[in-house]
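In: here's a sequence, model it:
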Amino acid sequence: MEHRISILFYIRKSKMTKDKLTPIYLRITVNGQRLEQSILRYVEVARWGVTAGRVKGSGAEARQLNAYLDTVTSKVYKLEREMVQDGIVITFESFREKWLGTTEQPRMLMEVFQQHNDQLAALVGKEFSPATLERYNTSRDHTRAFLQWKYRITDIDIKKLDYEFVSDFEFWLKTQRNCNHNTAIKYISNFRKIVNICIRKGWLQKDPFLGFKMSKHEVDRDFLTEEELQAISSKDFGTERLNHVRDIFIFSCFTGLAYADVQKLKRSEIALGVDGDYWIFTSRQKTETKSRIPLLPFAAAIIEKYKDYPVCLHSGKVLPVLSNQKMNAYLKEIADVCKIHKNLTFHMARHTFATTVTLSNGVPMESVSKMLGHKNLKTTQHYAKILDRKVSEDMKVLRGKFGNQ
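Out: Numbers count the residues shown, from 1 in each chain. All right, here's what the predicted structure looks like:
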């Protein structure tokens, strides 16, 4: 938006002092509107040059006063440049506020970030999970560390955020924190939410993310083959600890539930479905989307096995789930015993359900997506890309059609 600023110094004879001196006034005209104020300097009327707007003569007093007028002029134009650089639209009101120092205190990035996290913490258990709060707290800490690394400061005015800031933040996450690309983008996405809050509230006029690419690299998710799944499910590990973990893991393989959803699953969430068989009716903790999953025989058998387990009877939960850390540690033992050369984690069960258990056996992608609680089909489609066997089987059908012609 274009603007016009002009400066004029003039005297007011009507306000002459007892010493016959008249005050000098500054007039700043912004887009046709005038801002006038005394500069607290005085001069004899005869020594004032109206046309030049300066004191006449070359004496020391005249030079000193004119130098001060030049300083005031420079101050006006400096303020104009700063407002342009900060992306502030220059209007009479905005310039007047800046000039008179009546503008509001700057919005500081870390203060806004902390306020967001405090509000999120108050909603944990209602709208957000503890894991979401932990992720935003980690993002806040990374942002603070980046400010210290790049600028040697603990906070920054949000109006100083720009493309360079975001780009350097990504570089810092990858080099100083050794984050892979997708992890770095996750943290930047959390940071972007804070920026979007500032934009929506009118505190930022320009989006610093403009032109910044947020795309993630596609990653192949590992899963168990049918043979590997059979090896784990049929193995007697000789210890209650490993058999217990195996059961919980297999339950997830045949339901698609993530660790947090298995851990919180209650008996009240298992009921008869439209087909007269038992289903799981729950909501994903991560996204709060509904999941309705028909119970397969393997999963139903595991529920029956633990129905009288003391912890389950006391808590009303379906299964006695250990901590995620312990589950993953024991799963590595299970992988070693079964000679499975994959990084076996609990989350691999969800991928196994999507691929080996459902899509590979002809379950339509739309049904799989609904059972997994995905918000869009694109998320589910990724699993289909890695099913070479399914592609092979589909092509066999096609070959058969062409062979019969």
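
In: so where is the stretch 1-150 of the chain shaky, pLDDT-wise?
Out: Filtered on pLDDT under 70, the stretch 1-150 of the chain yields the residue ranges 1, 102-104.

In: all strands for it, in order.
Out: 5-11, 22-30, 33-43, 48-49, 54-55 (DSSP state E, counting those that start in this stretch).

In: and for the stretch 251-400 of the chain?
Out: Taking DSSP E, counting those that start in this stretch as the criterion, the stretch 251-400 of the chain carries its strands at 270-272, 278-283, 290-294.

In: those: which one's closest to Phe146?
Out: strand 278-283 (35.2 Å; C-beta to C-beta). Any C-beta I mention is one placed from the backbone N, CA and C, and that applies to glycine too.

In: which residues touch that closest one?
Out: Outside of strand 278-283, the residues within contact range by C-beta atoms under 8 Å, 6 or more residues apart in numbering are 255, 257, 261, 265, 269-273, 289-295, 300, 373.

In: one step back: quick one: which of the strands of the stretch 251-400 of the chain is nearest Lys56?
Out: strand 278-283 (82.3 Å).

In: determine the longest helix present in the chain.
Out: In the chain, taking DSSP state H as the definition, the longest helix is helix 60-85.

In: list the buried residues of that one.
Out: Residues of helix 60-85 classed as buried by neighbour count (16 or more other C-beta atoms under 10 Å): 62, 65-66, 69, 76, 79-80, 83.

In: which other helices and strands does it contact?
Out: In terms of contacts (3 or more C-beta pairs under 8 Å, 6 or more residues apart in numbering; DSSP states H and E), helix 60-85 is packed against strand 5-11, strand 22-30, strand 33-43, strand 54-55, helix 92-100.

In: distance to Asn117 and mean neighbour count for the ones you listed - can I get that in TSV?
Out: Shown next, in TSV, are the helices and strands packed on helix 60-85 (distance: least, C-beta to C-beta, whole Å; neighbours: other C-beta atoms under 10 Å):
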stretch	distance to Asn117	mean neighbour count
strand 5-11	41	16
strand 22-30	40	19
strand 33-43	41	14
strand 54-55	56	20
helix 92-100	31	15
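
In: mind putting these into a markdown table with distance to Phe223?
Out: Output for the helices and strands packed on helix 60-85, formatted as a markdown table (distance: least, C-beta to C-beta, whole Å):
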| stretch | distance to Phe223 |
| --- | --- |
| strand 5-11 | 65 |
| strand 22-30 | 65 |
| strand 33-43 | 68 |
| strand 54-55 | 82 |
| helix 92-100 | 57 |
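
In: next one: Ser234 from Lys160, what distance?
Out: 62 Å (C-beta to C-beta, to the nearest Å).

In: the two: who's more crowded?
Out: Remark: of Ser234 and Lys160, Lys160 carries more neighbours, 14 against 9, as counted by other C-beta atoms under 10 Å.

In: what about Lys15, how many residues nearby?
Out: Residues near Lys15, counting by other C-beta under 10 Å: 12.

In: run through the residues that contact it.
Out: 22-23.

In: and Ser215, by the same measure?
Out: Listed by C-beta under 8 Å, 6+ apart, the contact partners of Ser215 are Ile185.

In: which one of the strands of the stretch 1-150 of the chain lies nearest to Thr132?
Out: Closest approach to Thr132 among the strands of the stretch 1-150 of the chain is made by strand 22-30 (46.3 Å; C-beta to C-beta).

In: how far does the closest one sit from the chain's center?
Out: 49 Å (C-alpha atoms, centre = their mean, to the nearest Å).

In: residues contacting it, please?
Out: Residues from elsewhere that reach strand 22-30 (C-beta under 8 Å, 6+ apart): 3-13, 15-17, 34-45, 48, 69, 72, 76, 90-92, 95-96, 99.

In: and that strand with helix 60-85, angle?
Out: Interaxial angle, strand 22-30 versus helix 60-85 (axes from the mean of the first three to the mean of the last three C-alpha atoms, to 10 degrees): 20 degrees.

In: tell me how this structure divides into domains.
Out: By the assignment in automatic domain parsing, the chain contains the domains 5-100, 109-200, 226-400.

In: so for Met214, which of the ones you listed sits nearest?
Out: Nearest to Met214, of all those, is domain 109-200, at 6.0 Å by C-beta to C-beta.

In: quick one: end-to-end distance for the closest one.
Out: End-to-end distance for domain 109-200, by C-alpha to C-alpha, to the nearest Å: 15 Å.

In: same deal with stretch 356-369?
Out: In stretch 356-369, first residue to last residue: 14 Å (C-alpha to C-alpha).

In: any idea how far Trp279 is from the nearest residue to Ser291 once chain neighbours are set aside?
Out: Spatially, and ignoring its direct neighbours in sequence, Ser291 is nearest to Gly373 (4.1 Å; C-beta to C-beta, 6 or more residues apart in numbering). Gly373 sits at a distance of 14 Å from Trp279 (criterion: C-beta to C-beta).

In: more neighbours: those two, which one.
Out: Per other C-beta under 10 Å, whichever of Gly373 and Trp279 has more neighbours is Gly373, with 23 against 18.

In: what residue lies at the spatial centre of this structure?
Out: Centroid-nearest residue in the chain, with C-alpha atoms, centre = their mean: Asn190, separated by 1.6 Å.

In: that residue against Asn137, yeah?
Out: No - using C-beta atoms under 8 Å as the test, Asn190 is too far from Asn137 to be in contact (9.7 Å).

In: what segments of the stretch 251-400 of the chain are helices?
Out: With helices called from DSSP state H, counting those that start in this stretch, the stretch 251-400 of the chain shows them at 259-264, 297-305, 310-315, 324-337, 347-352, 365-372, 377-385, 388-403.
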